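Chemist: Test case, fold it:
(one chain, ligands or ions: 2)
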Amino acid sequence: MSDTISVTVKVWRQNGPDSPGGFETHPQQISIDASFLEMLDLLNEQLNDRGEEPIVFESDCREGICGTCGVMINGRAHGPQKATATCQLHMREFADGDEIVIEPFRAAGFPVIRDLAVDRSPLDHIIESGGYISVGSGAAPDANLTPVPKDAAEQAFDAAACIGCGACVAACPNSAAQLFTSAKVGHMALLPQGQPERWSRTEAMVDVMETYFGSCTNHGECHEACPKEISLDFIAYLNRDYVRAKVKNRALSGQR
Ligand code: SF4
Ligand code: FES
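Modeler: Ligands and ions are numbered 1, 2, ... in the order given. Predicted coordinates for the structure are as follows:
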């Protein structure tokens with residue numbers, strides 16, 4: 001079997017958020033050992049050599065841990081390989097003669113900045129509204145001072161695997177961000193350290209989420225697209241915690 005394939009890359013080009021976009025077609029010969037982003041790097045070198053504008057796309061770690069990368073590949077967020085971020089995808093997933101259609105993540109909450117890069121700052125706004133734990137400064141506490149039950153530690157660790165890529169939003173027919181938000185709420189609500197701010201955090205993060213994103217109607221596409229396979233159970237957990245947060249926060253405000 002040849003270790004080089006010929007593919008036709010159809011890539012979305014768009015000068016800015018308000019510009020009309022369109023597809024450009026580029027035939028490529030590429031080693032099956034190249035990563036998908038290396039294929040785009042090589043295409044950009046060719047464009048540079050011809051004096052044309054390179055394709056704008058995002059990446060940083062290229063190890064599946066930072067959440068910076070992310071494009072639609074043949075209509076699927078992060079492409080055809082399950083549980084795999086765009087930067088971890090390799091050209092061996094494609095066959096000789098394939099057409100590869102590359103678009104930016106499509107969601108009203110993620111406006112296109114240029115070409116394949118979108119503005120995912122609404123996810124940052126959700127985190128800013130409560131995705132942290134306040135701690136008094138001072139000497140670092142002993143690591144084992146607060147016992148954490150094993151089940152809680154394991155579930156919190158699963159939730160904390162979310163890399164904030166936004167593929168869940170792009171895959172959802174409603175552009176909902178429930179899977180992301182539930183992972184971020186869940187990994188703190190499960191731990192003892194997350195309890196003091198639990199109810200204010202949950203309500204604030206859901207309220208900000210709802211200002212940017214659509215509503216979850218249980219399609220489950222988010223889980224299918226998620227490179228970290230975040231469980232839909234966290235959405236159920238978030239929904240329960242949000243109802244409890246509403247009640248508890250109203251009761252607390254009535255006491256003031
Ligand atoms: S839940 Fe999954 S798809 Fe959504 S932001 Fe986190 S890692 Fe990405
Ligand atoms: S570039 Fe960091 S997860 Fe893909």
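Chemist: can you list the residues that contact the top helix by length along the chain?
Modeler: Determined from DSSP state H, the single longest helix within the chain is helix 233-255. For helix 233-255, contacts defined as Cβ atoms under 8 Å, 6 or more residues apart in numbering pick out 159, 178-179, 181-183, 185-186, 189, 198-200, 202-203, 206, 216. Just so you know, the C-beta spots here come from the backbone N, C-alpha and C atoms, and that holds for glycine as well.
Chemist: out of the residues you listed, which are buried?
Modeler: With burial judged by 16 or more other Cβ atoms under 10 Å, the buried subset of the contacts of helix 233-255 is 159, 178-179, 181-183, 185-186, 189, 198-199, 202-203, 206, 216.
Chemist: buried stuff in stretch 162-180?
Modeler: 162-172, 174-180.
Chemist: Stretch 34-46 too?
Modeler: Those would be 34-40, 43-44, for stretch 34-46 by 16+ other Cβ under 10 Å.
Chemist: ok, residue 164 - contacts?
Modeler: Residue 164 touches 67, 120, 123, 127, 180, counting by Cβ under 8 Å, 6+ apart.
Chemist: For the helix or strand bottoming out on mean pLDDT in the chain, C-alpha coordinates in CSV please.
Modeler: Using mean pLDDT, DSSP states H and E, helix 233-255 stands out as the lowest-scoring helix or strand of the chain, at a mean of 92. Output of helix 233-255 as CSV, limited to C-alpha atoms (Å, rounded to 0.1, in the frame of the first residue of the first chain):
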residue,chain,number,x,y,z
ASP,A,233,-24.6,12.2,32.9
PHE,A,234,-22.9,15.5,33.7
ILE,A,235,-25.7,17.4,31.9
ALA,A,236,-28.3,15.6,34.1
TYR,A,237,-26.1,16.5,37.2
LEU,A,238,-26.0,20.1,36.1
ASN,A,239,-29.8,20.3,35.6
ARG,A,240,-30.4,18.9,39.1
ASP,A,241,-27.8,21.3,40.6
TYR,A,242,-29.3,24.3,38.8
VAL,A,243,-32.8,23.6,40.2
ARG,A,244,-31.3,23.2,43.7
ALA,A,245,-29.2,26.3,43.2
LYS,A,246,-32.3,28.4,42.3
VAL,A,247,-34.1,27.3,45.5
LYS,A,248,-31.1,27.7,47.8
ASN,A,249,-30.0,31.1,46.4
ARG,A,250,-33.5,32.5,46.8
ALA,A,251,-33.7,31.1,50.3
LEU,A,252,-30.3,32.7,51.1
SER,A,253,-31.3,36.1,49.6
GLY,A,254,-34.5,36.0,51.7
GLN,A,255,-32.4,35.7,54.9
